[in-house]
Every structure is written in structure tokens, then in C-alpha cells.
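Enquirer: Task: produce atomic coordinates for the following.
(one chain, ligands or ions: 1)
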Amino acid sequence: MTPIDFLSSRMSVSKLMSPAPNDAVLERVINAACRAPDHGALRAWRILIVRGDARSAFGDLMVNVEREKDPNLDEGRASATKQKALRAPMILVVVSTTKAHGKIPAIEQVLTAGCVAHGLLLALQAEGFGAVWKTGGATYAESMKAGLGLASTDDIVGFLYVGTPAAPQQDSPRPKMSDVTTEWTG
Ligand SMILES: Cc1cc2nc3c(=O)[nH]c(=O)nc-3n(C[C@H](O)[C@H](O)[C@H](O)COP(=O)(O)O)c2cc1C
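Expert: Numbers count the residues shown, from 1 in each chain. Below is the predicted model of the structure:
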């Protein structure tokens with residue numbers, strides 16, 4: 001497959017199973033994603049690796065967020081929320097450790113973290129793994145950040161659920177160049 005064919009084949013995989021990437025694969029994947037463009041080389045991102053039993057504690061944090069929104073959350077919804085943390089053998093939490101900077105605004109730092117997340121998705125696919133980028137309410141909850149050991153100035157860019165594709169993924173319609181471009185002629 002040519003590089004352009006590979007890039008053109010990227011897609012999310014939502015049904016995931018074990019195994020997760022092993023440490024050697026994960027290191028290649030993360031090192032590749034660290035090639036993200038980064039204004040000022042601020043390196044203002046971190047990746048939290050959540051796997052094994054830690055996913056259960058991660059699920060508890062998600063349940064806490066739901067309870068903050070609805071103190072009467074019933075057991076069924078709590079259990080369904082917790083189950084989300086177990087839908088893949090690994091979760092990569094991509095965090096923008098956004099800093100005040102005289103020249104480089106927060107949005108650029110968050111964009112770099114977004115590029116890191118995209119790089120992770122591509123690198124995981126290149127290594128034969130599947131992944132899907134999710135956010136949801138927990139992304140923006142202070143209690144989630146605190147539970148993950150993050151500062152309130154940090155921004156969670158996404159939760160990447162990672163594993164082995166459990167079933168062939170149906171592709172979806174994609175925009176083409178003509179859909180997204182305008183020739184600007186001045
Ligand atoms: C910042 C961001 C947040 C997202 N959050 C969610 C989410 O919470 N739930 C979801 O189903 N998809 C979410 N998506 C979309 C999926 O990751 C995915 O892109 C989408 O299902 C389309 O599949 P594709 O990646 O194959 O085009 C998010 C994507 C981005 C970039």
C-alpha cells in the first residue's frame with residue numbers, strides 16, 4: 001500500500017477486543033505521534049496510558065461525572081457508564097498541558113495535541129490495531145481531570161479507545177476535494 005493509499009484508508013474502529021498493543025508497539029506508535037507539528041516546540045501535551053485494572057478505576061471516574069450531573073443516577077446507568085471504560089483493552093488519554101505563553105495562544109497548543117491524537121490513530125492503524133477517538137461530558141469535567149492527576153488548566157483532547165479490531169469496520173462516506181475547496185483568486 002502506498003503512503004497516500006494508507007492515509008486515504010484511515011478510519012475509526014469502534015468494536016475492539018484484546019490484545020492491546022504491547023509495549024514495543026506502543027513505543028513506536030507514541031514516538032511516531034510525537035512528530036506532530038508544534039509551534040515553539042512547547043511539547044505541551046501528555047498521553048496517559050490506561051490499561052488492565054486501571055480501566056475500572058477510570059470507569060469509576062466516569063460514573064462520578066455522571067453522578068455530579070444527576071445525583072439520582074440509578075445503578076443501571078452507572079453500570080452502563082462504567083462499562084464504557086471496558087470497551088477496549090487500552091485507553092490513551094491525550095492531554096494538552098496548555099500553558100500561558102506570550103506568543104503561542106492556547107488554541108495552537110490544543111491543536112498540536114489534536115495532531116498528536118490523529119498521529120496516534122494513524123500509527124495504531126499502521127501497526128494493525130484499531131482505535132476510536134471519543135470525548136463526551138467526562139472530557140470537560142474538573143473531577144475527571146483531578147481524578148486523572150491533571151491540572152485544571154490542562155485540556156483533555158480525547159480518549160482514544162485502542163485494541164484489536166473485533167469485526168470489519170464499515171467505512172462511511174467521505175468528502176472529496178471538490179466538497180471542501182474553493183480556489184481563492186484574490
Ligand atoms: C475531538 C473529537 C471528539 C469526538 N468525540 C466522539 C464521541 O464522543 N463519540 C463518538 O461516537 N465519536 C466521537 N468522535 C468521532 C469519532 O472519533 C470518529 O471520527 C467518527 O465516528 C467517524 O469515524 P471515522 O474516524 O472513521 O471518520 C470524535 C472525534 C473528534 C475529532
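Enquirer: Who are the contact partners of His39?
Expert: 104, 108-109, 112 (CB atoms under 8 Å, 6 or more residues apart in numbering). Using the backbone N, CA and C atoms, a C-beta is placed for each residue, glycine as well.
Enquirer: how about 10 Å then?
Expert: Neighbouring residues of His39 by CB atoms under 10 Å, 6 or more residues apart in numbering: 101, 103-105, 108-109, 111-112.
Enquirer: Can you pull the residues of this protein lying near the ligand?
Expert: Within the chain, the positions lying close to the ligand (CB under 6 Å from any ligand atom) are 11-12, 132-136, 158, 172.
Enquirer: 8 Å instead, please
Expert: For the chain, the residues in contact with the ligand (CB under 8 Å from any ligand atom) are 10-14, 114, 117-118, 121, 132-136, 139, 157-158, 169, 171-172, 174.
Enquirer: and the residues you listed, which are buried?
Expert: Neighbour counting by 16 or more other CB atoms under 10 Å classes 13-14, 114, 117-118, 121, 132-134, 139, 157-158 among the residues of the chain next to the ligand as buried.
Enquirer: quick one on the thing from earlier: from the contacts of His39, which ones fall inside helices?
Expert: Among those, the ones falling in helices (DSSP state H) are 108-109, 111-112.
Enquirer: and which of those is nearest to the ligand?
Expert: The shortest approach to the ligand among the ones in helices among the contacts of His39 belongs to Leu111, at 11.2 Å (CB to the nearest ligand atom).
Enquirer: Let me see the contact set for the closest one.
Expert: Leu111 neighbours (CB under 10 Å, 6+ apart): 36-39, 96, 105, 157.
Enquirer: Out of those residues, flag the one nearest to Gly59.
Expert: Among the contacts of Leu111, Val157 lies closest to Gly59 (CB to CB), at 20.0 Å.
Enquirer: mind listing what the longest strand belonging to the chain pairs with, with the direction of each?
Expert: Criterion DSSP state E: the longest strand present in the chain is strand 155-165. The strands beside strand 155-165 in its sheet (DSSP bridges) come out as strand 16-17 (antiparallel), strand 90-96 (antiparallel), strand 130-134 (antiparallel).
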